[in-house]
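# turn this into a model:
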Amino acid sequence: MIEGIPAEEQCLHGSREPIFGMGIYRKLIELADLDFQYLRAAHMLYEHKVLMTKRIRYLSDLGYINGMLFEDPFKEIELKANVIRNRNYILKNMINQGENFNKLRLISMIDDLSQTEMEHLEKFFRAIK
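Numbering: from 1, shown residues only. A predicted model of the protein is given here:
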């Protein structure tokens, strides 16, 4: 159990019913409220995207893939993930009780990130076959 997170909400953090792959985006949309659980999940997603960009660079350095084709698209995914986890925006709106918070805009940004990632992953997998 992770202290401070209710037992029934631990599923995002690996203790029960972990979420892998593209399913994380559906869960983020469900969580798209002004709370610390969303903030934590979005931050974890961002950190994963940073690692994925580094993996692409590593594969390119080893000569397994053409980094010119894939580094920029994965960097785009990383930047979009950074936008949806913008701590300052989320915290500011949490403090102001969400007066200016636009949940539909946040959901739209999460959906856009999901679609962008799916497009780039499909191109990547086709290229490495």
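# excluding chain neighbours, what is closest to the residue most central in space within the chain?
Compute the mean C-alpha point of the chain, and by C-alpha atoms, centre = their mean the closest residue is residue 45, 3.4 Å away. Leaving aside its chain neighbours, residue 45 sits nearest to residue 81 (5.5 Å; criterion: C-beta to C-beta, 6 or more residues apart in numbering). Every residue, glycine included, has its C-beta placed from N, CA and C.
# please verify my assumption that the one you found contacts residue 49.
Yes - counting by C-beta atoms under 8 Å, residue 49 is a contact partner of residue 81 at 4.2 Å.
# the two: which has the busier surroundings?
residue 81 (25 against 22; other C-beta atoms under 10 Å).
# how far away is that one from residue 58?
19 Å (C-beta to C-beta, to the nearest Å).
# per-residue confidence for the residue lying farthest from the centre of the chain?
Using C-alpha atoms, centre = their mean, the residue of the chain lying farthest from its centre is residue 63. It sits 27.4 Å away. pLDDT for residue 63: 90.
# so it, which of the three states?
Three-state call for residue 63 (DSSP: H, G, I helix; E, B strand; the rest coil): coil.
# which neighbouring elements make contact with the helix or strand containing the residue nearest to the centre of the chain?
In the assignment (DSSP states H and E), residue 45 maps to helix 36-61. Under the contact criterion of 3 or more C-beta pairs under 8 Å, 6 or more residues apart in numbering; DSSP states H and E, helix 36-61 touches helix 23-30, helix 67-84, helix 87-95.
# give me the contact list for the second one.
Put plainly, it is helix 67-84. Under the contact criterion C-beta atoms under 8 Å, 6 or more residues apart in numbering, helix 67-84 has outside partners 28, 42, 45-46, 48-50, 52-53, 56-57, 59-61, 106, 109-110, 112-113, 116-117, 120, 123-124, 127.
# what of stretch 85-95?
Contacts of stretch 85-95 (C-beta under 8 Å, 6+ apart): 34, 35, 38, 39, 42, 43, 45, 46, 99, 100, 101.
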